[in-house]
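Student: Got a predicted structure plus its sequence, pasted below:
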Amino acid sequence: KAGVTQTPRYLIKTRGQQVTLSCSPISGHRSVSWYQQTPGQGLQFLFEYFSETQRNKGNFPGRFSGRQFSNSRSEMNVSTLELGDSALYLCASSPRTGAGEQYFGPGTRLTVT
Amino acid sequence: GESVGLHLPTLSVQEGDNSIINCAYSNSASDYFIWYKQESGKGPQFIIDIRSNMDKRQGQRVTVLLNKTVKHLSLQIAATQPGDSAVYFCAEKRANNAGNMLTFGGGTRLMVKP
């Protein structure tokens, strides 16, 4: 099976702009989670989607949003970008729910200037 | 607040030796504990998990130990190889969460000397 894919891999944006990141989970996986990884804060949970519904949400401002499509592909959007949003954004999919076993993509490296 | 943390930020071992990576957690209401490995330029890779009702679980060259009395989790890697060099994260899933939301520790960098 193909792994989790994320596009784009690298992105440079300017403060105030918005950005949309895309994730395609492993075939058959219905749960998709998003994490932000920074040197200072480590890996932090953003949100999780399951069957097109947001099931969990982390402690991030409303500028961060996401959605999931009927084919389980997911997108996350960050509006009004701030310098502090520079990070590696990781998507993970899971074959089952409630166990914590997740498979991560390579991430999208977002740089905000 | 409650968090999952690690004792050591960097661990250096000789190739062929066994490695032990430790993790302390503070939330007793977690039902799964998971170890991930992250190599440079890649996303975290699932290694092994353990349910909270277990004390030990073994995989290929890896063993995870869970001590609920002292809220301590460890990952043992047997016969450490250069390919094991990476950052290792422990993570927990809270029992009151029906989904897959994970709380990660800060990570330990494992360096394997040839």
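Tutor: Yep, it's here. Residues are numbered from 1 along each chain as shown, chains lettered A, B, ... in the order given.

Student: isn't A:Pro8 right up against A:Gly107?
Tutor: No - checked against Cβ atoms under 8 Å, the pair A:Pro8 and A:Gly107 is beyond contact range at 10.6 Å. Backbone N, C-alpha and C define where each C-beta goes, glycine included.

Student: So between those two, which is more surrounded?
Tutor: Shown here are A:Pro8 and A:Gly107; by other Cβ atoms under 10 Å in any protein chain shown, A:Gly107 has more neighbours (25 against 12).

Student: pLDDT score for the more buried one?
Tutor: A:Gly107 is assigned a predicted lDDT (pLDDT) of 97.

Student: now do the one 5 residues further on
Tutor: Reading off the per-residue confidence, A:Val112 sits at a pLDDT of 98.

Student: And B:Pro9, by the same measure?
Tutor: At B:Pro9, the model reports a pLDDT of 86.

Student: just the strands in the chain please.
Tutor: Using chain A. Ranges of strands within chain A are A:5-7, A:10-13, A:19-24, A:31-38, A:42-50, A:53-57, A:64-68, A:74-78, A:87-94, A:103-104, A:108-112, based on DSSP state E.

Student: wait, chain B
Tutor: Under the criterion DSSP E, chain B contains strands at B:4-6, B:10-14, B:19-25, B:30-38, B:45-51, B:56-58, B:62-67, B:72-77, B:86-94, B:103-104, B:108-113.

Student: For chain B, list the residues in contact with chain A, please.
Tutor: Within chain B, the positions near chain A by Cβ under 8 Å from any Cβ of the partner chain are B:32-34, B:36, B:41-46, B:49, B:89, B:91-93, B:97-107.

Student: for the residue of chain B found nearest chain A, phi and psi?
Tutor: Among all residues of chain B, B:Gly43 sits closest to chain A, at 3.3 Å; criterion: Cβ to the nearest Cβ. Dihedral angles phi and psi of B:Gly43 (degrees, to the nearest 10) take the values phi -80, psi 160.

Student: With just CA atoms, put stretch B:55-73 into PDB.
Tutor: In PDB, the C-alpha atoms belonging to stretch B:55-73 read as follows (Å, rounded to 0.1, in the frame of the first residue of the first chain):
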ATOM      1  CA  ASP B  55       3.400  -4.300  31.700                       C
ATOM      2  CA  LYS B  56       5.500  -5.400  28.800                       C
ATOM      3  CA  ARG B  57       5.200  -5.900  25.000                       C
ATOM      4  CA  GLN B  58       7.900  -7.100  22.600                       C
ATOM      5  CA  GLY B  59       8.400  -6.500  19.000                       C
ATOM      6  CA  GLN B  60      11.200  -7.100  16.600                       C
ATOM      7  CA  ARG B  61      14.300  -6.000  18.500                       C
ATOM      8  CA  VAL B  62      12.200  -3.700  20.700                       C
ATOM      9  CA  THR B  63      10.600  -4.100  24.000                       C
ATOM     10  CA  VAL B  64       8.300  -1.600  25.700                       C
ATOM     11  CA  LEU B  65       7.900  -1.600  29.500                       C
ATOM     12  CA  LEU B  66       5.200   0.200  31.400                       C
ATOM     13  CA  ASN B  67       5.400   0.800  35.100                       C
ATOM     14  CA  LYS B  68       2.100   2.400  36.200                       C
ATOM     15  CA  THR B  69       3.200   2.600  39.800                       C
ATOM     16  CA  VAL B  70       5.800   5.200  39.000                       C
ATOM     17  CA  LYS B  71       4.200   6.400  35.700                       C
ATOM     18  CA  HIS B  72       7.200   5.400  33.600                       C
ATOM     19  CA  LEU B  73       7.500   4.000  30.100                       C
END
